[in-house]
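K.L.:
coords please:
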Amino acid sequence: MSHPVSRRDFALGLAAGAVATGVAGTSHAADEPTVIPVPPPPPKPVSKTVCFVGGYTKHAPPGGAGNGQGIAVFEMDRESGVLTPITTYTDIASPSFITLSADNHFLYALSEIDDYNKDGHGSVTAFAVDQKTGSLRKLNVVSSGGAVPAHLSVHHSGRYVLVANYVGGCVAVLPIRSDGSLGEATDVVHNTGPRQPERAADNPQGNFAVSDHSGSHPHMIRSDPSGRFVIADDAGLDRVYVWTLNLTTGKLIPAKTPYYDMEPGSAPRHFEFNHSGRIMYNLCEQNSKIVVSSFDPLTGVITNIQTVSTVTPHFRGSTLAAEILISASGKYVYASNRLGDSLAVFAIAADGTLSLQDEVWMHADYGRAMMFDPSGTFLFCANQRSDAVTSFKVDKNTGQLAFTENFTPVGSPTTFAFMNTQV
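P.N.:
Now for the predicted structure:
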């Protein structure tokens, strides 16, 4: 016989079942504790390599206009050397040469123009560099001290920017303020001397290219590695000038031997020092030669010991040497040849003299500037007339270059600067 179940009995039964279930559940949890997954930590910030590329823009002296937009900024892939565009700073005219301060906190860019002011000068722009992103913030712009500047560098002391004004026939000293901005020139020195021939006597056979020898044309200025002397190549007067710099007044003082004559018509353009600072490699533009010299860091005396060609003995035709670099190992020198569109690779002997090891095609036209990335793994070339940057993988043991097949489009590129960001 069945018995009716009251609402009270039914409710009591449900409650009892719930208690039993809860006890059983508690017992199961005690046997197998619930594990709450912990999310993985966020990825650590990674330093990146930033590449700045400058060149000629439409704002330039007559005949010098280019296809560039300003200072183009890229991130470099450290495995492949590929450059990926980040941005371009367009508020600057023809930044044909740029350089970073030793700590990478500031970037200085000249404008290769002749209309910055009523005196027909070029200009230099100072930028602050964001250490985490590589982004630029303009600080100020000042006169370069002369017309159409071609080169600038930061003095070894970090207190001055040195400028070579090509058309102006002068070099200038610009003080660096505490915030990285620039002051007006503390000194401007004009070079003078006899007119030189347009071509050197030791030219490669069939070279019709000429360098302007109508007057003084400083093409590079930089302090020697010790910081004791300031040296300038004058491509118009075929001379190498040597000064000391008074760090208090910012004035250049001629050395005991104030200049050295080079081969007439050779047009000394850019130079490099070996790691000891006692061997100087001076690249002459017009005859495509490197003059190897000893350099006394105590007196500034330069003594020539060797001259080598940047083109092979079988080369015939027009060529103009452009840039010279020394590898981080100090074992190899590299030189670029415009018109011939080649890169010369030299081995450095124990006495500092050079021997040509290889000649490599640039894979583009008119390679004007070269620079290694900070690791020395890649060598980049700025090919002015083909509007492209090409790159090569560097064998650090042999010095040999292997083309990466990477082309980066940049209008009329002429200069590089690299930095690694901070994290």
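
K.L.:
thinking residue 234 is in contact with residue 271, fair?
P.N.:
No: using C-beta atoms under 8 Å, residue 234 is not in contact with residue 271, being 11.8 Å away. No exception for glycine: its C-beta is placed from N, CA and C like everyone else's.

K.L.:
what residues do these two have in common as contacts?
P.N.:
Common neighbours of residue 234 and residue 271, counting by C-beta atoms under 8 Å, 6 or more residues apart in numbering, are residue 240.

K.L.:
can you list the weak-confidence ranges in this protein?
P.N.:
1-33 (pLDDT under 70).

K.L.:
so where do the helices sit in it?
P.N.:
Taking DSSP state H as the test, the helices found in the chain are 7-31.

K.L.:
The longest strand along it pairs with which strands, parallel or anti?
P.N.:
Across the chain, the longest stretch assigned as strand under DSSP state E is strand 251-261. Note on strand 251-261: by DSSP bridges, its sheet partners are strand 239-246 (antiparallel).

K.L.:
Now do the buried residues in the partner strand.
P.N.:
Buried residues in strand 239-246, counted by 16 or more other C-beta atoms under 10 Å: 239, 240, 241, 242, 243, 244, 245.

K.L.:
and the gap between the third one and residue 260?
P.N.:
Spelled out, that is residue 241. Distance of residue 241 to residue 260, given as C-beta to C-beta, to the nearest Å: 8 Å.

K.L.:
Kindly report the same for the last one.
P.N.:
Using C-beta to C-beta, one obtains 18 Å as the distance from residue 245 to residue 260.

K.L.:
need the contact list for the closest residue to residue 156 other than its chain neighbours.
P.N.:
Of all residues not flanking residue 156 in the chain, residue 227 sits nearest, at 2.9 Å (C-beta to C-beta, 6 or more residues apart in numbering). Counting by C-beta under 8 Å, 6+ apart, residue 227 touches 155, 156, 157.

K.L.:
Columns distance to residue 220 and neighbour count on top of those residues, output as a markdown table?
P.N.:
A markdown table is the format used below for the contacts of residue 227 (distance: C-beta to C-beta, whole Å; neighbours: other C-beta atoms under 10 Å):
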| residue | distance to residue 220 | neighbour count |
| --- | --- | --- |
| 155 | 14 | 21 |
| 156 | 15 | 19 |
| 157 | 19 | 12 |
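
K.L.:
Among these, find me the one that's closest to residue 366.
P.N.:
Taking C-beta to C-beta as the measure, residue 366 lies nearest residue 155 of those, at 30.4 Å.

K.L.:
Just to check, the closest one is in contact with residue 174?
P.N.:
No: between residue 155 and residue 174 there is no contact under C-beta under 8 Å: 9.7 Å.

K.L.:
got any residues that touch both of these two?
P.N.:
161, 162.

K.L.:
just to revisit the earlier point, what about the residue nearest to residue 156, distance to residue 297?
P.N.:
For residue 227, the distance to residue 297 - C-beta to C-beta - is 9 Å.

K.L.:
Repeat that for residue 374.
P.N.:
26 Å.

K.L.:
And residue 131, by the same measure?
P.N.:
32 Å.

K.L.:
try residue 167
P.N.:
In terms of C-beta to C-beta, residue 167 sits 32 Å off from residue 297.

K.L.:
What of residue 191?
P.N.:
Taken as C-beta to C-beta, the span from residue 191 to residue 297 is 23 Å.

K.L.:
go on, residue 372?
P.N.:
If you go by C-beta to C-beta, the gap between residue 372 and residue 297 works out to 24 Å.

K.L.:
same deal with residue 381?
P.N.:
Residue 381 sits 31 Å away from residue 297, going by C-beta to C-beta.

K.L.:
Please compare these two by neighbour count and tell me which comes out ahead.
P.N.:
Remark: of residue 381 and residue 297, residue 381 carries more neighbours, 28 against 16, as counted by other C-beta atoms under 10 Å.

K.L.:
What residues are bridge-paired with the residue lying closest to residue 407 once chain neighbours are set aside?
P.N.:
Leaving out its chain neighbours, the residue that sits closest to residue 407 by C-beta to C-beta, 6+ apart is residue 388, at 5.1 Å. Note on residue 388: beta-bridge partners residue 383, residue 409, judged by DSSP bridges.

K.L.:
try residue 189
P.N.:
residue 171.

K.L.:
So it is in contact with residue 250, correct?
P.N.:
No: using C-beta under 8 Å, residue 189 is not in contact with residue 250, being 11.7 Å away.

K.L.:
ok, residue 59 - contacts?
P.N.:
By C-beta under 8 Å, 6+ apart, the contact list for residue 59 reads 65, 93, 94, 111, 113.

K.L.:
No further queries at this time; thank you.
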